[in-house]
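In: predicted model and sequence follow; I will ask about them next.
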Amino acid sequence: CGQRTEARCDDEADSWLTGQPPSIDFAARHQLTHVVHPLLLSTPYAPLVEWLSESANFKTEVAAQDVLEAFARRFAEDPIAVDKQDLLDLRDLFEHVDTKNTDLGREVGAALLIDAFNYVALEDGRITTTKVLASPTSLYLPASIADSQDAWSKAAGNTPELLWASANYAEVFKISRADQRTTQSEVVTTSRKRGVKRFLSLLGAEISPRLVEANTDSAHIVLPSQFAARRYLGRARGGLRRDFVSPDLDAVIRNIRQSPPLPVSRKGRKSRTTLGASAPSAVERAIAVFRCIDSDWASFEPYSRTFAYRESGRSDSSPVPTTWLARLIDNAWYPNYVGTPCKPTSLIVETKVTLAMYDHHTDFASGLTEADANSEFARALGMRVNPPVSQLVAALERARQTSSSDDLSLMRFYKALAGHCPQSTS
């Protein structure tokens with residue numbers, strides 16, 4: 001007894017009509033194909049099969065991309081939990097698909113649930129972990145999966161609101177380079193296959209804070225660094241065009257601000273040994289937040305500026321920070337030289353130039369050095385960095401023309417200018 005099915009448009013199909021069972025196990029396991037009656041493949045029905053191939057979802061042979069697209073559509077509204085074999089099969093299918101300039105990876109990720117965990121704060125103040133199932137599109141990669149250069153897991157620490165992929169996946173995808181598997185009649189060496197970090201990232205997992213587009217109306221423009229937008233709108237109805245927020249980043253900053261700069265021992269003294277080497281201090285976590293965003297500023301920068309608009313159609317040409325960045329600018333979270341959380345606008349990046357210019361060295365940002373002198377993220381936060389030579393020369397000229405300027409002030413400008421000069425290697 002046969003089963004009924006219906007033809008669908010190619011770009012809407014969540015299963016495929018085929019003339020024979022699929023050679024891809026994943027497709028069969030999740031019923032992503034339906035084999036038509038043999039009679040339909042006979043000569044009299046050739047025109048119908050041709051129409052189904054051109055205008056509907058009949059495939060003579062189902063390819064990897066067909067399977068992935070059908071899976072993403074089938075479970076888009078009701079994601080399913082997948083096991084180890086499913087993930088390995090998905091990884092192998094993606095090896096045969098060009099994922100550049102496409103959202104197929106995230107679409108597949110949104111259709112499945114994998115093992116994950118989050119931190120939970122107990123009433124007695126202790127932190128524990130809870131296992132959950134979650135879509136990769138809502139997960140971050142823990143330190144055991146992300147490599148040592150990824151600072152987000154260190155910055156986040158045990159912030160309760162975040163979801164993390166299970167560390168066990170590092171073992172699931174750890175296959176010998178000598179091992180080979182035959183997939184779709186093609187030998188694919190595992191050395192070419194995606195590792196766990198690349199694969200889970202393809203499915204939507206992140207190694208830096210997610211940005212979410214927000215509809216910020218005039219009533220909610222309250223941050224000081226966005227005052228220009230508030231002033232432009234006045235009493236007019238409007239808001240911010242293409243604003244972005246980051247609830248996860250907000251949660252991490254809040255968690256850092258609630259933590260002591262250094263672990264506190266039972267005797268009440270600050271100690272680095274209380275929580276062990278695996279538990280970074282609040283100072284180290286704040287620096288990790290900076291490193292995480294600064295190292296990928298090219299990806300964050302397009303979402304760092306917005307402008308006000310009025311419902312009448314007029315817009316302000318003066319940009320203001322988007323809300324995720326404005327909250328970083330306007331809150332005291334980054335440590336100064338002695339570890340006190342400060343607003344970034346009050347801090348200085350320590351370089352040869354700024355050392356010569358500023359007397360109050362406690363205002364130097366902890367952990368930032370000469371290598372950060374050209375950081376665009378530091379500038380976006382409002383931190384003081386190396387002023388250009390032209391600005392120093394102009395300031396020196398003004399100082400020399402002022403009778404109240406003393407030799408010490410002039411010497412500071414000369415030292416700052418010397419800091420711009422390349423050092424001799426001889």
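Out: Happy to help now that I have it.

In: give me the number of residues near Val338?
Out: Per other Cβ atoms under 10 Å, the neighbour tally for Val338 reads 11. Where you see a C-beta, it was placed from the backbone N, CA and C, and this is true even at glycine.

In: just give the nearest non-adjacent residue to it, would you?
Out: Closest residue in space to Val338, ignoring its immediate chain neighbours: Thr362 at 5.6 Å, by Cβ to Cβ, 6 or more residues apart in numbering.

In: my assumption is that the one you found lies in a helix; please confirm.
Out: Yes: according to DSSP: H, G, I helix; E, B strand; the rest coil, Thr362 belongs to a helix.

In: surely it touches Asn336?
Out: Yes: at 5.6 Å, Thr362 counts as touching Asn336 under the criterion of Cβ atoms under 8 Å.

In: ok, these two, which is more surrounded?
Out: In this view Thr362 and Asn336 are compared by other Cβ under 10 Å, and Asn336 has more residues nearby, 20 against 12.

In: now that one, nearest residue through space, not along the chain?
Out: Asn336's closest residue in space is Cys342 (Cβ to Cβ, 6+ apart), at 4.9 Å.

In: got it, and Glu301?
Out: Using Cβ to Cβ, 6+ apart, the closest residue to Glu301 is Glu376 (6.9 Å).

In: correct me, but that neighbour touches Trp297?
Out: Yes: contact criterion Cβ under 8 Å: Glu376 and Trp297 qualify, at 5.4 Å.

In: now do the stretch of helix or strand Ile293 belongs to: distance to the chain's middle.
Out: Ile293 is part of helix 282-294, with elements assigned from DSSP states H and E. Its chain's average C-alpha position is 14 Å from that of helix 282-294, according to Cα atoms, centre = their mean, to the nearest Å.

In: go on, stretch 342-354?
Out: Stretch 342-354 sits 26 Å away from the centroid of its parent chain (Cα atoms, centre = their mean).

In: one more: stretch 242-261?
Out: Relative to its chain's centre, stretch 242-261 lies at 14 Å (Cα atoms, centre = their mean).

In: dump that stretch to CSV, keeping only the CA atoms.
Out: Extracted in CSV, the C-alpha atoms of stretch 242-261 (Å, rounded to 0.1, in the frame of the first residue of the first chain):
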residue,chain,number,x,y,z
ARG,A,242,19.3,50.4,12.9
ASP,A,243,20.2,50.3,16.6
PHE,A,244,21.7,47.2,18.1
VAL,A,245,21.9,45.8,21.7
SER,A,246,23.7,42.9,23.2
PRO,A,247,21.8,41.4,26.2
ASP,A,248,24.6,38.8,26.7
LEU,A,249,27.3,41.4,26.8
ASP,A,250,25.2,43.4,29.2
ALA,A,251,24.9,40.3,31.4
VAL,A,252,28.6,39.7,31.4
ILE,A,253,29.5,43.3,32.3
ARG,A,254,26.9,43.2,35.1
ASN,A,255,28.4,40.0,36.4
ILE,A,256,31.9,41.4,36.2
ARG,A,257,30.9,44.6,38.1
GLN,A,258,29.3,42.5,40.8
SER,A,259,32.6,40.5,41.3
PRO,A,260,35.6,41.6,43.4
PRO,A,261,38.6,42.8,41.4
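
In: pLDDT averaged over that stretch - what is it?
Out: What stretch 242-261 shows for mean pLDDT is 93.

In: likewise for stretch 337-345?
Out: Here stretch 337-345 scores 95 as its mean pLDDT.

In: distance between the ends of stretch 124-142?
Out: Start to finish, the residues bounding stretch 124-142 are 25 Å apart (Cα to Cα, to the nearest Å).

In: again, but for stretch 79-98
Out: 24 Å.

In: got the buried residues for that stretch?
Out: Neighbour counts over stretch 79-98 (16 or more other Cβ atoms under 10 Å) mark 79, 82, 86-95, 97 as buried.

In: for those, which two are the farthest from each other?
Out: Farthest-apart pair in the buried residues of stretch 79-98 is Pro79 and Glu95; separation 22.8 Å (Cβ to Cβ).
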